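> next one to model:
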Amino acid sequence: LSLSVSSATGLVVLLMATLFPVMVNVVISRWAAAAICASPAAIILSPTSGDVVLAAKAAEMPLIDFAFKTTLPISIAAIICMAIAHFFWQRYLDNKEHISHEMLDVNDITTTAPALYAILPFTPIIGVLIFDGKWGPELHIITILVGCMLLAAIHAMHEDRRHWTRADIQRRASAALARAAANGVTHLRSHVDWFTADAPDAWQEIARLDTGGITLERVALVPLPLFQDPVEAEAIARAVANSGERCLLGGFIHSSNWDAAAMENLLCSAARWDLDLDLHIDEELSEVSQGLTWLADHLSRHPFPGHICCSHGCALAAGSDEQAAPILRQLAAHGVTLIALPMTNLLLQDATFGRTPRQRGITLLHEAQAAGVATLLGCDTVQDAFCPAGSYDPLDTLACGLFSAQLSDLFDRQSRLICDRAALTGSPADAAPFAIGAAASVVIFPGSDRFTWPLNSAARLVVNRGRLTHRRVWQEEMAHESCSR
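Reported below is the predicted structural model:
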């Protein structure tokens, strides 16, 4: 397991849950068994360990060669020495302390975990071995780790979906809309996962929601491989188009599922059915990601008749400015909107358990704005398998973007990143949103100012279409002094 679990602490916890009961039941004392489970902290076998990656880089050696030809022989020798030492030392301590051996009752221990879970810890090392440039395309270690995390999260979501009911979907989606409305959201776009050519239950249930004054758009987020077959791509686009207004076609596009022909079918089917596109694209810090590169080149030869939003685009930050510049120019020329997701990207990109991330994972927001690309900030996932936290308050997203993307002129200029409806939909901007007599939609922050906003701005008055819908006030702050008697 040391080969696959790069975190010493994580491996110890795993061994205590699995190996510890086995050792106790073969008449090894609890203290000796615990010591053995703690031993992996002294060795490094995993090629995905941050220490091994940094050491290989410092030694200027390929990661696989360094991990298996340098550290592995040393680690094997250390394991043999530790095993011999444990045998004599633990027996000596048990006799010294007069510890009696006992057996745990494991008859009542049952598990319902899927057998696939046994494979998940090994996915990073499998990825390292496959994507080393010999058997498959060479991918950066961070790309492999993030890809494995996404696979685990997708699998967890699939397992959870088995317990979903229509009532459950209605309850959770309604709660999300209520939170968003209380924070002043008037326009919300939701990605709905499609894993087959048929519309999922969530697609239908969300359409039946009482949106409470929020304009709700649905995006069919379809894995790119489902568009490989032109007939199936056409069927998906037709189903989305026949679902009514405010429905968009989307795709999950990643180096792990890349297919140029499928991308072609995705855009062609959307154009034939007069659908706008919302693409979840290049959510990885990889220089070999092809999504945005392909899209920019395709648009230069085949302009798309509708509007396109591209969310994430983290791969732009992994390449050079020279690589990104022509892509951004094409996106600007064809009116494509680039959406950064600071909370999700900071959480998932360059993520390795037990290691502080070095890269931020945010797309090239400043460069996109300089190139004339319409830009927005959004929150991709809220309290799900990908992001256990998240927020339905756009100010939280903007505050995260303030620090992660180093935004300036926040109130007067960058506030558009969370309230530019035209950039989201591609529709013309309202020429006079505050015309006399118009039903305005505004959020008033009574306890804030333009220098501290969006921080310290929880208190707010939400006016939606000319009607006060929500009011949140600060409780008066009181200073208290302790006294003793």
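> and the residue nearest to Asp198 when sequence neighbours are not counted, how close does it get to Trp194?
In space, and not counting its chain neighbours, Asp198 is closest to Ala239: 7.5 Å by Cβ to Cβ, 6 or more residues apart in numbering. C-betas here are computed from N, CA, C, even on glycine. Plainly put, Ala239 is 9 Å away from Trp194 if you go by Cβ to Cβ, to the nearest Å.
> remind me which residues of the stretch 301-450 of the chain are low pLDDT?
Residue ranges of the stretch 301-450 of the chain with pLDDT under 70: 353, 385.
> how would you label Val443: helix, strand or coil?
strand (DSSP: H, G, I helix; E, B strand; the rest coil).
> again, but for the one 10 residues further on
With three-state DSSP as the basis, Trp453 sits in coil.
> what is the neighbour count of it?
17 (other Cβ atoms under 10 Å).
> what does Asp198 give?
There are 10 residues near Asp198, going by other Cβ under 10 Å.
> same thing with Phe445?
Residues near Phe445, counting by other Cβ under 10 Å: 19.
> and the nearest residue to it once chain neighbours are set aside, how far from Gly401?
Nearest non-adjacent residue to Phe445, counting by Cβ to Cβ, 6+ apart: Ser457, 4.7 Å away. Counting by Cβ to Cβ, the gap from Ser457 to Gly401 is 15 Å.
> these two: which is more packed in?
Gly401 (25 against 18).
> list the residues that contact that one.
340, 342, 362, 365, 377, 407, 414, 417 (Cβ atoms under 8 Å, 6 or more residues apart in numbering).
> mind checking what secondary structure Ala95 has?
Quick fix: residue 95 is Asn, not Ala. Per three-state DSSP, Asn95 ends up helix.
> wait, I meant Ala438
Going by three-state DSSP: Ala438 is coil.
> apart from its chain neighbours, what residue comes closest to it?
Nearest to Ala438 is Ala432, by Cβ to Cβ, 6+ apart, at 7.1 Å.
> hang on, Arg172 is in a helix, isn't it?
Yes: under three-state DSSP, Arg172 sits within a helix.
> may I have the phi/psi pair for the closest residue to Arg218 other than its chain neighbours?
Once flanking residues are discounted, Arg218 sits nearest to Cys247: 5.2 Å by Cβ to Cβ, 6+ apart. When read as degrees, to the nearest 10, the backbone of Cys247 gives phi -120, psi 130.
> what do you get for Pro223?
phi -60, psi 140.
> the closest residue to it other than its chain neighbours: what secondary structure?
Nearest non-adjacent residue to Pro223, counting by Cβ to Cβ, 6+ apart: Phe252, 5.0 Å away. What three-state DSSP gives for Phe252 is strand.
> pretty sure Phe252 contacts Val219?
No: assessed by Cβ atoms under 8 Å, Phe252 is found out of contact with Val219, at 10.7 Å.
> and these two? which has more neighbours close in?
Val219 (26 against 22).
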